[in-house]
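Enquirer: Quick one: sequence and predicted model below, then my questions.
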Amino acid sequence: MNSDILLNYSKEFEQKISNQPIKSRLRLASFWLQRVINNWQIQQLNKHLSEDDYNSIVRVPSCLQDPPYKYQGYQGPWIEGFFHEYWVKNNISSHITYLPILFDSFFFHSQVHKYTPRQFEYIYGQLLQITQKSIHPDKIYFTILGMYDHPIWDWHQFPKNVLVFSANGNGDIAIPLLKGSPQFQCPPKEILVSFMGRLDGASNTGNLRQQMYDNLRDFAYFGQGANWRSIMEKSTFTLCPRGLGRTSFRLYEAISVGSIPIYIWDDMEWLPYQDVLDWSEIAISVNIKDLDKIPQLVYAHSQEDIFRKQQLMAELYSKFFTLEGVCKNILRMLDNFHNLADIQEVTSKRKV
């Protein structure tokens, strides 16, 4: 383990405890109670697995399957944990071995210092033990990253025989970045184009959001606040710039309310299912250098075009843009890989 990582974590942990001693200790106590409950639930889930099942799934310690993390008021289920439960409960086996580490839970709990430095060091060590020493070089594996985008441990250091499905853009194969599976709806639209959210901060990667605002402030409605969802529901189109990762929750939230997403990207277009979906039929995808073309692309849509896109979003939603739909599509995509050479062809192209 990198000693600098542990040293930095220890300093931040001690600072947090000293700044907010009572609040921090209460949060730690609450987390560890949640962890006890979660470990019991994991044990009950793993009772479904026989010894033969472990030919298709890596046996990992429970500390690498910690409770769901909370983000923007939502505390799961997230795709990593949902897929693990889906795999076990449906008794799935595969020619590609599943690595069921809940990376996001560890990374996000670490960021808010839910672990003591010794616990952090132990769990981190277990993670490295599994991913760097226990993976057999001649077997093929896959794993899932949710919205992990902070380099506590760089994702690209996965062995080349581990295929990484990623929701947020740090991986080999794109999957949707979801907060749950809300019911699809398509309320009446009153606003042509909108964006609700911050334009600054960490999500303004490469100054992309600010450039979007500078180019489109006279064309689209911009705002912030708790009414973001109601504005999105009323919008025919929603601007969906990448965030800290190569995509955003907003893109799929827009689809869930029948608002046509305008996905704005820079270094890499991170859209899932391009082997079976034509994204131009449900969305607009624009590179940052073509921001000025967005009004033209929007105005080119007739009412029939808009209705057709909304109708197709409604038809595709449960199959592709819900947590269960993502699970089924991961299993579908695994069928495209038959041997180590197939996996390495993809993983050798990793970009950070």
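Expert: Looks like it came in fine. Numbers count the residues shown, from 1 in each chain.
Enquirer: Report the spatially closest residue to residue 266, excluding sequence-adjacent ones.
Expert: residue 288 (4.7 Å; C-beta to C-beta, 6 or more residues apart in numbering). In this view, the C-beta of every residue, glycine as well, is placed from N, C-alpha and C.
Enquirer: With residue 205 as the reference, measure out to that neighbour.
Expert: Distance, residue 288 to residue 205, using C-beta to C-beta, to the nearest Å: 10 Å.
Enquirer: Between the two, which contacts overlap?
Expert: residue 266 (C-beta atoms under 8 Å, 6 or more residues apart in numbering).
Enquirer: which residues of the stretch 51-200 of the chain score low on pLDDT?
Expert: Residue ranges of the stretch 51-200 of the chain with pLDDT under 70: 148-156.
Enquirer: quick one: residue 67 and residue 33 touch, right?
Expert: No - with contact defined as C-beta atoms under 8 Å, residue 67 does not count as touching residue 33 (9.8 Å).
Enquirer: For stretch 206-225, measure first residue to last.
Expert: This stretch, stretch 206-225, spans 23 Å end to end (C-alpha to C-alpha, to the nearest Å).
Enquirer: List the buried residues in that stretch.
Expert: 208, 209, 211, 212, 213, 215, 216, 220, 221, 222 (16 or more other C-beta atoms under 10 Å).
Enquirer: and the residues you listed, which of them are in helices?
Expert: Judged by DSSP state H, helices contain the following of the buried residues of stretch 206-225: 208, 209, 211, 212, 213, 215, 216.
Enquirer: Give me the neighbour count for residue 125.
Expert: Burial measure for residue 125: 12 neighbouring residues, criterion other C-beta atoms under 10 Å.
Enquirer: er, residue 24 actually
Expert: Using other C-beta under 10 Å, the number of residues around residue 24 comes to 17.
Enquirer: So which residues of this protein form helices?
Expert: Using DSSP H, helices in the chain cover 3-19, 21-46, 79-89, 103-111, 117-128, 208-216, 228-233, 249-256, 294-299, 303-320, 323-334, 340-347.
Enquirer: What values do phi and psi take at the nearest residue to residue 270 once chain neighbours are set aside?
Expert: With sequence-adjacent residues excluded and distances taken as C-beta to C-beta, 6+ apart, residue 270 is closest to residue 246, at 3.8 Å. For residue 246, the backbone dihedrals (degrees, to the nearest 10) come out as phi -80, psi 0.
Enquirer: hang on, isn't residue 246 packed against residue 168?
Expert: Yes - with contact defined as C-beta under 8 Å, residue 246 reaches residue 168; the gap is 6.8 Å.
Enquirer: Find residues that contact each of those two.
Expert: Common contacts of residue 246 and residue 168 (C-beta under 8 Å, 6+ apart): residue 270.
Enquirer: Grab the nearest non-local neighbour of residue 34.
Expert: residue 67 (4.7 Å).
Enquirer: wait, what's in contact with the one you found?
Expert: 31, 34, 35, 37, 38, 105, 109.
Enquirer: Tell me if I'm right that the third one and residue 66 touch.
Expert: Which is residue 35. Yes - at 6.3 Å, residue 35 counts as touching residue 66 under the criterion of C-beta under 8 Å.
Enquirer: Between the two, point out the one with more neighbours.
Expert: Set residue 35 next to residue 66 and count neighbours by other C-beta under 10 Å: residue 66 wins out with 24 against 17.
Enquirer: Count the neighbours of the closest residue to the more buried one other than its chain neighbours for me.
Expert: Take residue 66 and drop its neighbours on the chain: the residue closest to it by C-beta to C-beta, 6+ apart is residue 105, 4.3 Å away. Other residues lying near residue 105 total 23 when counted by other C-beta under 10 Å.
Enquirer: what about residue 105, distance to residue 78?
Expert: For residue 105 relative to residue 78 (C-beta to C-beta), the value is 8 Å.
Enquirer: Equivalent analysis for residue 157, please.
Expert: For residue 157 relative to residue 78 (C-beta to C-beta), the value is 22 Å.
Enquirer: Equivalent analysis for residue 19, please.
Expert: 29 Å.
Enquirer: got it, and residue 9?
Expert: From residue 9 to residue 78 the distance is 23 Å (C-beta to C-beta).
Enquirer: Comparing those two, which residue is more hemmed in?
Expert: residue 78 (24 against 20).
Enquirer: quick one: contacts for that one?
Expert: Counting by C-beta under 8 Å, 6+ apart, residue 78 has contacts 68, 69, 104, 105, 146, 147.
Enquirer: burial measure for the residue lying closest to residue 264 once chain neighbours are set aside, as a count.
Expert: Among residues not flanking residue 264 along the chain, residue 241 sits closest, at 4.2 Å (C-beta to C-beta, 6+ apart). Per other C-beta under 10 Å, the neighbour tally for residue 241 reads 28.
Enquirer: Double-check residue 241 against residue 210; I have them as touching.
Expert: No - using C-beta under 8 Å, residue 241 makes no contact with residue 210, being 9.9 Å away.
Enquirer: one step back: can you read off the pLDDT for the residue nearest to residue 270?
Expert: The pLDDT attached to residue 246 in the predicted structure is 93.
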